[in-house]
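Q: what's the 3D shape of this:
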Amino acid sequence: ECGDERLEALIRPISASTRLISAAHRECARRAAEYWTSCVGGGQPILLVGRRASDRRRVVQEICRMLERRCSVLQAADIPAGASDRERVARLWNREALLTGAVLCIDASEMEAGDVGRVAAFLDRIDVPAAVEVPESSAAERLEGLRVQIPALEAADRKAIWIETLGADEIGRASCRERV
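A: Below you'll find the model as predicted:
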């Protein structure tokens, strides 16, 4: 939750993930974390570009775990259209992030081409680390920032995550049902 109640309607905390992360996704998170650690101020936003929303979210959670920071999410559609409202939200978030060390993640999953300018204007006002979850081949890919391509999971990684999530017994039962 945000310390400033004016942000609570827009920005929600993302819980830390305890789920397994693939080596490829961990490497994406490491590169992003190193970029932010080397930047003075927030640097450019990190564009986490990938096909699956769950992969993009898992990488941002891993970045925050590596940096020992909280993470909050803002839907791109919730960024105010008016310049003064957008400026107010950016100023409030900059203050919140400086006080708490939180990272802002903008979910651009539903972003349309007409939203690019509004989101870019908001990002220009953010002086702290921000990540943007960008679906492949979407309008959000036109945003400026450090692009981190998140690869699709390999079959072995998917299987390991399924086993961790569902348990080996459930995977075995599903496999047996497929054979029948």
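Q: just checking, next helix/strand downstream of the longest helix seen in the chain?
A: Among the elements of the chain assigned as helix by DSSP state H, the one spanning the most residues is helix 83-100. Later in the chain than helix 83-100, the nearest helix or strand by DSSP states H and E is strand 103-107.
Q: buried sites along that following strand?
A: By neighbour count with 16 or more other CB atoms under 10 Å, strand 103-107 contains the buried residues 103-107. No exception for glycine: its C-beta is placed from N, CA and C like everyone else's.
Q: For this structure, name the helix or strand with the lowest mean pLDDT.
A: Sorted by mean pLDDT, DSSP states H and E, the helices and strands of the chain end with helix 168-179, the least confident at a mean of 59.
Q: circling back: pick out the lowest-pLDDT one from the buried residues of strand 103-107.
A: Of all those, the one the model is least sure of by pLDDT is Val103, with 93.
Q: Might you report the residue contacts of that residue?
A: Applying CB atoms under 8 Å, 6 or more residues apart in numbering to Val103 gives the contacts 60, 63-64, 67, 69-72, 97, 128-131.
Q: Let's verify Glu144: helix, strand, or coil?
A: Recorded secondary structure, Glu144: coil (DSSP: H, G, I helix; E, B strand; the rest coil).
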